[in-house]
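S.K.: Here is a sequence with its predicted model. Questions after.
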Amino acid sequence: MTRLSRCHDLADMREAARRHLPKGIFEFMDRGAERELSLAENMAGFERLKLRTRFLVDLSERDMGTEIFGKRIAFPLAIAPTGAAGLCWYQGELALAKAAAAAGVPFTLTANSITAIDTIVKEAGKEAGGRLWFQLYMWKEEDLSFQMIERAKKLGFEALVVTIDAALGRTREYNDRNGFTDPISLNPRFVMDMARHPRWVAGVIGRYVMNGGMPRHENYPDKYRRRITTAQSKGPANSHSMTWEGIGRIRKAWPGPLVVKGILSGDDARRAVDQGADAVVVSNHGGRALDSAIATIDMLPEVVKAVGDRATVLLDSGIRQGSDIVKAVALGAKAVLVGRATLYGIAAGGQAGAEKVLALFATQFEKNMGYVGCRRVSDLNHDIFAHPPVQP
Ligand SMILES: Cc1cc2nc3c(=O)[nH]c(=O)nc-3n(C[C@H](O)[C@H](O)[C@H](O)COP(=O)(O)O)c2cc1C
């Protein structure tokens, strides 16, 4: 039996990922900041919301599809940008992008990816049936960020996602303990960790080495694009001085849908939309930046009230099952983004693993949508909750 054939739900996928990856990489991908209160709260927020069933409704014809930026997606989900995908699997970003295309949902490529942006576009872009969004943090050297935006525009990315909630990085005491750094440095603790995971070394690092050399952040500007070696090679520093006016400047440079990711208040949502954003992602970075943040599902109604009539509202952080998507959509999100879930999938089995995770979400979403008496996504609203959340 393969690793993947033993995975029947997301918990199995996570366990397969935990076994396969060096501990440092698994923890980097799976864990949250500091005491991991935000990470736990994101999931607890969904768990607190109970659904009201409605039976004996004619559900013979159901439709999980919805529209985002004027085009149909198979169900209300997109894959979030995640920097470590290329360490979970050889060219992990490509595996995710292909899985998203196969499932009929968008994929977001981070500027921090290990797989080059051109490869993603060539193999999983429009011509291959994919919908690609591009995400970046604004760098201190702003001109480099604008060159990156220009490149994404020329390559035909559909939407630009600007992440605003993690410029200061995060404290990762567990990674100090296990020796993992991003990018990788070959310190004794991490070398020992890799030695305990020979299949990962052969399947991931070995394949990079066979195909050109140790992994590196392929999209970084030339002066930062170094091979991962014993010395820690840092990428460009994030800007710590950008303000909302910066979003306005990005707006001028990007003609397509502009998404601001990392919104946790109605006020910030309004500021983003006032600067020209077409969409906002209610997100706390999966509990990886600020600890003690509010659960995103608890903040969603405030953001929908603030900008729901002017912009597309998306949500991420804590999506682990189909009913989470049902709840987010019922509270006004157009769709959700998933980060860790599909990373577990690729770590367990590459593209096929991510496809299995997406299929799991789709099946659970469809069933739960039916159990609350809804035939289509637009039927989902506050009435599906046993105790509807108090409106802001
Ligand atoms: C390993 C990892 C790397 C990430 N890298 C990025 C990134 O490069 N850019 C970004 O905007 N968000 C990044 N995120 C945050 C995700 O886009 C998303 O907000 C978060 O994972 C959602 O929470 P979830 O993992 O509970 O689904 C990363 C998340 C993880 C788990």
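M.R.: Ah, there it is. Residues are numbered from 1 along each chain as shown.

S.K.: Ala306 against Gly266, yeah?
M.R.: Yes. Counting by C-beta atoms under 8 Å, Ala306 touches Gly266, with 3.4 Å between them. The way it works is simple: take the backbone N, C-alpha and C, and place the C-beta from them, glycine included.

S.K.: Looking only at neighbour counts, state which of those two leads.
M.R.: Legend: neighbour count by other C-beta atoms under 10 Å for Ala306 and Gly266, higher for Ala306 (23 against 17).

S.K.: Contacts made by the lowest-mean-pLDDT helix or strand in the chain with the rest, please.
M.R.: Sorting the helices and strands of the chain by mean pLDDT, DSSP states H and E puts helix 173-178 at the bottom, at a mean of 87. Defining contact as C-beta atoms under 8 Å, 6 or more residues apart in numbering, one finds that helix 173-178 is touched by Lys23, Gly24, Glu27, Phe28, Arg31, Glu34, Thr181, Arg189, Phe190, Asp193.

S.K.: how about the helix or strand following that helix: buried residues?
M.R.: Going down the chain from helix 173-178, the next helix or strand is helix 188-195, by DSSP states H and E. With burial defined by 16 or more other C-beta atoms under 10 Å, the residues of helix 188-195 counted as buried are Phe190, Asp193, Met194.

S.K.: Same check on stretch 357-371?
M.R.: Within stretch 357-371, the residues that qualify as buried are Val357, Leu358, Leu360, Phe361, Ala362, Gln364, Phe365, Glu366, Asn368, Met369, Gly370, Tyr371, counting by 16+ other C-beta under 10 Å.

S.K.: Could you list which of those residues belong to helices?
M.R.: If you go by DSSP state H, the buried residues of stretch 357-371 have Val357, Leu358, Leu360, Phe361, Ala362, Gln364, Phe365, Glu366, Asn368, Met369, Gly370, Tyr371 in helices.

S.K.: Quick check, pLDDT for Ala231.
M.R.: With respect to pLDDT, Ala231 scores 45.

S.K.: can you offset everything so residue one is 62?
M.R.: All right, first residue 62 from here; so that's Ala292.

S.K.: Report the rounded mean pLDDT for stretch 110-119.
M.R.: Stretch 110-119 comes out at a mean pLDDT of 97.

S.K.: picking up where we left off before, put together a markdown table for the ones in helices among the buried residues of stretch 418-432, with distance to the ligand and pLDDT on each row.
M.R.: Putting these into a markdown table (distance: C-beta to the nearest ligand atom, whole Å; pLDDT from 0 to 100) gives the following:
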| residue | distance to the ligand | pLDDT |
| --- | --- | --- |
| Val418 | 11 | 98 |
| Leu419 | 13 | 98 |
| Leu421 | 14 | 98 |
| Phe422 | 11 | 98 |
| Ala423 | 16 | 98 |
| Gln425 | 15 | 98 |
| Phe426 | 15 | 98 |
| Glu427 | 20 | 98 |
| Asn429 | 18 | 98 |
| Met430 | 20 | 98 |
| Gly431 | 24 | 98 |
| Tyr432 | 23 | 98 |
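
S.K.: what are the ranges of the strands in this protein?
M.R.: If DSSP state E is used as the criterion, the strands of the chain fall at 127-129, 132-134, 138-140, 168-171, 193-197, 220-224, 319-324, 340-343, 373-376, 396-399.

S.K.: Tabulate these (TSV), appending distance to Arg231.
M.R.: Listed next are the strands of the chain as TSV, based on distance: least, C-beta to C-beta, whole Å:
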stretch	distance to Arg231
strand 127-129	29
strand 132-134	30
strand 138-140	21
strand 168-171	16
strand 193-197	17
strand 220-224	13
strand 319-324	13
strand 340-343	18
strand 373-376	20
strand 396-399	19
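
S.K.: Mind putting those strands into CSV with mean pLDDT, distance to Glu211 and mean neighbour count?
M.R.: Conversion of those to CSV gives the following (pLDDT from 0 to 100; distance: least, C-beta to C-beta, whole Å; neighbours: other C-beta atoms under 10 Å):
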stretch, mean pLDDT, distance to Glu211, mean neighbour count
strand 127-129, 98, 24, 18
strand 132-134, 98, 23, 13
strand 138-140, 99, 23, 28
strand 168-171, 98, 15, 27
strand 193-197, 98, 11, 25
strand 220-224, 98, 11, 25
strand 319-324, 98, 14, 27
strand 340-343, 99, 21, 30
strand 373-376, 99, 24, 25
strand 396-399, 99, 25, 27
